[in-house]
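S.K.: Would you be able to build a 3D model of this:
(one chain, ligands or ions: 1)
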Amino acid sequence: MNNYQHHWKDGLPVHLPLGKIVCIGRNYADHAAELNNPIPDSPLLFIKPSTSAVHLTRPLRIPTDRGEVHFETELAVLIGRPLTAASHEEARQAMLGYGLALDLTLREVQSDLKAKGQPWERAKGFDGACPLSPFIPVAQLPQTHLHFSLDVDGERRQSGDTSVLLNPVVPLISYISHQFTLLPGDVVLTGTPKGVGPLHSGQTLRLQLEESLLLETTVL
Ligand code: ZN
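M.R.: Here you go, the predicted structure:
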(Lines give C-alpha, C1' and ligand atoms only; values in the text may rest on other atoms or scores of the structure.)
Protein backbone atom coordinates (compact mmCIF):
# COMPACT_ATOMS: atom_id res chain seq x y z
CA MET A 1 0.00 0.00 0.00
CA ASN A 2 1.43 3.35 -1.03
CA ASN A 3 1.23 6.13 1.53
CA TYR A 4 3.37 8.73 -0.22
CA GLN A 5 2.60 12.36 0.58
CA HIS A 6 4.57 15.44 -0.54
CA HIS A 7 6.47 17.15 2.28
CA TRP A 8 8.46 20.32 2.73
CA LYS A 9 12.02 20.05 4.00
CA ASP A 10 10.91 21.36 7.41
CA GLY A 11 8.66 18.32 7.78
CA LEU A 12 5.31 19.96 7.11
CA PRO A 13 3.08 18.20 4.57
CA VAL A 14 2.37 19.89 1.24
CA HIS A 15 -1.40 19.87 0.95
CA LEU A 16 -1.47 18.81 -2.69
CA PRO A 17 -2.17 15.33 -4.06
CA LEU A 18 0.49 13.68 -6.19
CA GLY A 19 -1.10 13.14 -9.59
CA LYS A 20 1.48 12.23 -12.19
CA ILE A 21 5.25 12.37 -12.45
CA VAL A 22 6.34 13.63 -15.87
CA CYS A 23 9.87 12.70 -16.91
CA ILE A 24 12.17 13.58 -19.77
CA GLY A 25 14.64 11.16 -21.32
CA ARG A 26 18.07 12.31 -22.56
CA ASN A 27 18.07 15.87 -21.26
CA TYR A 28 21.82 15.79 -20.54
CA ALA A 29 24.05 15.14 -23.55
CA ASP A 30 26.62 13.26 -21.45
CA HIS A 31 23.98 10.74 -20.29
CA ALA A 32 22.57 10.21 -23.80
CA ALA A 33 26.14 9.44 -24.91
CA GLU A 34 26.86 6.93 -22.13
CA LEU A 35 23.88 4.80 -23.22
CA ASN A 36 24.68 5.31 -26.93
CA ASN A 37 21.37 7.08 -27.48
CA PRO A 38 20.91 9.86 -30.03
CA ILE A 39 19.72 13.22 -28.71
CA PRO A 40 16.02 13.53 -29.65
CA ASP A 41 14.90 16.52 -31.79
CA SER A 42 11.99 17.14 -29.43
CA PRO A 43 11.76 16.33 -25.69
CA LEU A 44 11.26 12.61 -25.05
CA LEU A 45 8.52 12.54 -22.41
CA PHE A 46 7.17 9.70 -20.32
CA ILE A 47 5.06 9.43 -17.15
CA LYS A 48 5.58 7.50 -13.97
CA PRO A 49 2.33 6.74 -12.12
CA SER A 50 1.65 8.21 -8.67
CA THR A 51 1.90 4.66 -7.28
CA SER A 52 5.62 4.65 -8.12
CA ALA A 53 6.36 7.39 -5.58
CA VAL A 54 7.96 6.58 -2.24
CA HIS A 55 9.83 8.67 0.31
CA LEU A 56 13.50 8.94 -0.62
CA THR A 57 14.39 9.28 3.06
CA ARG A 58 13.18 5.74 3.78
CA PRO A 59 15.18 2.61 2.86
CA LEU A 60 14.62 1.68 -0.79
CA ARG A 61 12.92 -1.57 -1.68
CA ILE A 62 13.69 -2.51 -5.29
CA PRO A 63 12.61 -5.40 -7.56
CA THR A 64 15.01 -8.33 -7.49
CA ASP A 65 13.52 -10.52 -10.20
CA ARG A 66 13.71 -8.41 -13.40
CA GLY A 67 17.38 -7.64 -13.88
CA GLU A 68 19.35 -4.56 -12.90
CA VAL A 69 17.67 -1.54 -11.32
CA HIS A 70 19.60 1.61 -12.26
CA PHE A 71 19.63 4.84 -10.29
CA GLU A 72 19.11 8.11 -12.20
CA THR A 73 19.44 11.17 -9.97
CA GLU A 74 17.28 14.06 -11.10
CA LEU A 75 16.15 17.52 -10.06
CA ALA A 76 12.41 17.37 -9.30
CA VAL A 77 10.03 20.31 -9.61
CA LEU A 78 6.75 20.40 -7.68
CA ILE A 79 3.97 22.09 -9.65
CA GLY A 80 1.67 24.42 -7.72
CA ARG A 81 -0.83 25.69 -10.31
CA PRO A 82 -2.73 24.15 -13.23
CA LEU A 83 -0.83 24.63 -16.49
CA THR A 84 -2.32 24.20 -19.94
CA ALA A 85 -0.38 25.50 -22.97
CA ALA A 86 1.50 27.79 -20.58
CA SER A 87 3.98 30.52 -21.47
CA HIS A 88 7.46 30.43 -19.94
CA GLU A 89 6.37 33.07 -17.43
CA GLU A 90 3.28 31.09 -16.43
CA ALA A 91 5.44 27.96 -16.07
CA ARG A 92 7.91 29.84 -13.88
CA GLN A 93 5.14 31.11 -11.62
CA ALA A 94 3.68 27.63 -11.23
CA MET A 95 6.91 26.17 -9.84
CA LEU A 96 6.33 25.63 -6.13
CA GLY A 97 9.30 23.58 -4.92
CA TYR A 98 12.57 21.90 -5.86
CA GLY A 99 13.59 18.47 -4.68
CA LEU A 100 15.55 15.44 -5.78
CA ALA A 101 14.26 12.20 -7.22
CA LEU A 102 15.56 8.85 -8.32
CA ASP A 103 14.10 7.81 -11.66
CA LEU A 104 14.67 4.11 -10.94
CA THR A 105 14.83 2.06 -14.11
CA LEU A 106 14.77 -1.67 -14.80
CA ARG A 107 17.52 -1.25 -17.40
CA GLU A 108 17.34 -4.69 -18.99
CA VAL A 109 13.54 -4.50 -19.26
CA GLN A 110 13.90 -1.02 -20.80
CA SER A 111 16.50 -2.20 -23.35
CA ASP A 112 14.17 -5.01 -24.36
CA LEU A 113 11.20 -2.62 -24.70
CA LYS A 114 13.29 -0.10 -26.66
CA ALA A 115 14.44 -2.81 -29.06
CA LYS A 116 10.80 -3.70 -29.71
CA GLY A 117 9.72 -0.06 -30.02
CA GLN A 118 7.39 -0.44 -27.04
CA PRO A 119 6.54 2.03 -24.22
CA TRP A 120 8.76 2.07 -21.12
CA GLU A 121 6.18 1.82 -18.33
CA ARG A 122 7.20 -1.67 -17.20
CA ALA A 123 10.78 -0.43 -16.80
CA LYS A 124 10.00 2.92 -15.20
CA GLY A 125 6.60 2.68 -13.49
CA PHE A 126 6.87 -0.15 -10.97
CA ASP A 127 5.91 0.41 -7.31
CA GLY A 128 8.81 2.24 -5.67
CA ALA A 129 10.29 3.41 -8.99
CA CYS A 130 10.21 7.07 -7.96
CA PRO A 131 11.78 7.88 -4.59
CA LEU A 132 11.11 11.61 -3.98
CA SER A 133 12.79 13.93 -1.47
CA PRO A 134 11.08 16.61 0.58
CA PHE A 135 10.77 19.88 -1.34
CA ILE A 136 12.34 23.30 -0.83
CA PRO A 137 10.36 26.43 -1.76
CA VAL A 138 11.60 27.66 -5.15
CA ALA A 139 12.31 31.14 -3.76
CA GLN A 140 14.90 29.69 -1.35
CA LEU A 141 17.20 28.46 -4.13
CA PRO A 142 19.21 30.33 -6.79
CA GLN A 143 17.15 31.40 -9.80
CA THR A 144 19.98 30.78 -12.26
CA HIS A 145 21.16 27.20 -12.12
CA LEU A 146 21.21 24.40 -9.58
CA HIS A 147 23.79 21.76 -8.79
CA PHE A 148 23.07 18.34 -7.37
CA SER A 149 24.99 15.13 -6.78
CA LEU A 150 24.77 11.47 -5.79
CA ASP A 151 27.40 9.57 -3.81
CA VAL A 152 27.12 5.78 -3.56
CA ASP A 153 29.04 4.27 -0.62
CA GLY A 154 31.09 7.45 -0.30
CA GLU A 155 32.02 7.75 -3.98
CA ARG A 156 30.74 10.51 -6.27
CA ARG A 157 28.74 8.85 -9.05
CA GLN A 158 26.56 11.60 -10.52
CA SER A 159 26.90 15.31 -10.67
CA GLY A 160 24.27 17.46 -12.37
CA ASP A 161 24.03 21.13 -13.20
CA THR A 162 20.86 22.57 -14.68
CA SER A 163 22.89 25.08 -16.73
CA VAL A 164 23.76 22.28 -19.20
CA LEU A 165 20.23 20.89 -19.64
CA LEU A 166 19.34 20.46 -23.32
CA ASN A 167 15.82 21.58 -22.36
CA PRO A 168 16.08 24.00 -19.42
CA VAL A 169 13.57 23.70 -16.59
CA VAL A 170 11.14 26.54 -17.40
CA PRO A 171 10.86 25.91 -21.18
CA LEU A 172 10.54 22.18 -20.43
CA ILE A 173 7.56 22.73 -18.10
CA SER A 174 5.99 25.05 -20.68
CA TYR A 175 6.55 22.44 -23.41
CA ILE A 176 5.01 19.66 -21.28
CA SER A 177 1.91 21.83 -20.66
CA HIS A 178 1.44 22.12 -24.43
CA GLN A 179 1.23 18.31 -24.65
CA PHE A 180 -1.04 17.73 -21.63
CA THR A 181 -2.26 19.65 -18.58
CA LEU A 182 -0.16 19.73 -15.44
CA LEU A 183 -2.05 19.96 -12.16
CA PRO A 184 -1.08 21.19 -8.68
CA GLY A 185 0.82 18.36 -6.98
CA ASP A 186 2.23 16.93 -10.20
CA VAL A 187 6.01 16.55 -10.33
CA VAL A 188 8.37 17.10 -13.25
CA LEU A 189 11.69 15.24 -13.34
CA THR A 190 14.26 17.06 -15.44
CA GLY A 191 16.56 14.26 -16.60
CA THR A 192 19.69 12.56 -15.38
CA PRO A 193 23.37 13.39 -15.95
CA LYS A 194 25.89 10.67 -16.76
CA GLY A 195 27.03 8.11 -14.20
CA VAL A 196 23.89 5.95 -13.94
CA GLY A 197 24.46 2.46 -12.62
CA PRO A 198 22.93 -0.54 -10.83
CA LEU A 199 21.69 -0.50 -7.25
CA HIS A 200 22.68 -3.29 -4.90
CA SER A 201 21.34 -4.33 -1.51
CA GLY A 202 23.26 -2.69 1.32
CA GLN A 203 24.43 0.40 -0.58
CA THR A 204 24.23 3.81 1.05
CA LEU A 205 23.14 6.69 -1.17
CA ARG A 206 23.85 10.31 -0.31
CA LEU A 207 22.07 12.97 -2.36
CA GLN A 208 22.70 16.68 -2.23
CA LEU A 209 21.00 19.70 -3.82
CA GLU A 210 23.05 22.87 -3.46
CA GLU A 211 23.66 23.51 0.26
CA SER A 212 19.94 23.16 0.93
CA LEU A 213 19.17 19.47 0.87
CA LEU A 214 21.33 16.61 2.10
CA LEU A 215 19.76 13.16 2.31
CA GLU A 216 20.96 9.68 2.99
CA THR A 217 19.18 6.45 2.26
CA THR A 218 20.02 2.77 1.96
CA VAL A 219 19.05 -0.04 -0.41
CA LEU A 220 17.27 -2.90 1.35
ZN1 ZN B 1 15.47 9.65 -16.02
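S.K.: Grab the most central residue of the chain for me.
M.R.: The chain has L189 as the residue nearest its centroid, 3.6 Å off, counting by CA atoms, centre = their mean.
S.K.: Quick check: that residue vs the ion, distance?
M.R.: 6 Å (CB to the ion, to the nearest Å). Just so you know, the C-beta spots here come from the backbone N, C-alpha and C atoms, and that holds for glycine as well.
S.K.: Looks like that residue contacts D103 (just checking).
M.R.: Yes - using CB atoms under 8 Å, L189 is in contact with D103, at 5.6 Å.
S.K.: Find the residues that touch each one of these two.
M.R.: The contact sets of L189 and D103 overlap at 23, 48, 74, 130 (CB atoms under 8 Å, 6 or more residues apart in numbering).
S.K.: okay, the second one: pLDDT?
M.R.: Model confidence at K48, given as pLDDT, is 98.
S.K.: What residues does the residue nearest to A86 when sequence neighbours are not counted make contact with?
M.R.: Among residues not flanking A86 along the chain, S177 sits closest, at 4.3 Å (CB to CB, 6 or more residues apart in numbering). In this structure, S177 makes contact with 83-86, 90-91, judged by CB under 8 Å, 6+ apart.
S.K.: S177 - that's part of a helix, no?
M.R.: Yes - counting by DSSP: H, G, I helix; E, B strand; the rest coil, S177 falls inside a helix.
S.K.: tell me the contacts of the residue nearest to D161 when sequence neighbours are not counted?
M.R.: Nearest residue to D161, sequence neighbours excluded (CB to CB, 6+ apart): H147, at 5.0 Å. Counting by CB under 8 Å, 6+ apart, H147 touches 159-162, 209-210.
S.K.: burial count for the closest residue to the ion within the chain?
M.R.: Nearest to the ion in the chain, going by CB to the ion, is D103, at a distance of 3.4 Å. Residues lying near D103 (other CB atoms under 10 Å) number 26.
S.K.: try the one 10 residues further on
M.R.: As a burial measure, L113 scores 17 neighbours (other CB under 10 Å).
S.K.: Just read off the phi/psi values of it.
M.R.: Dihedral pair for L113: phi -60, psi -40, per degrees, to the nearest 10.
S.K.: Now do the contacts for it.
M.R.: Neighbouring residues of L113 by CB under 8 Å, 6+ apart: 119-120, 122-123.
S.K.: Which of the residues you listed fall in helices?
M.R.: Per DSSP state H, helices hold the following members of the contacts of L113: 122-123.
S.K.: Grab the nearest non-local neighbour of E72.
M.R.: T192 (3.6 Å).
S.K.: before we move on, what about L166?
M.R.: Excluding its sequence neighbours, the residue lying closest to L166 (CB to CB, 6+ apart) is N27, at 5.2 Å.
S.K.: so is that neighbour in a helix, a strand, or just coil?
M.R.: coil.
S.K.: Next: the one 10 residues further on.
M.R.: Using three-state DSSP, the structure places N37 in coil.
S.K.: what separates it from L44, distance-wise?
M.R.: Relative to L44, N37 is positioned 9 Å away (CB to CB, to the nearest Å).
S.K.: What parts of the chain come near the ion?
M.R.: Residues of the chain lying close to the ion (CB under 5 Å from the ion) are 72, 103, 192.
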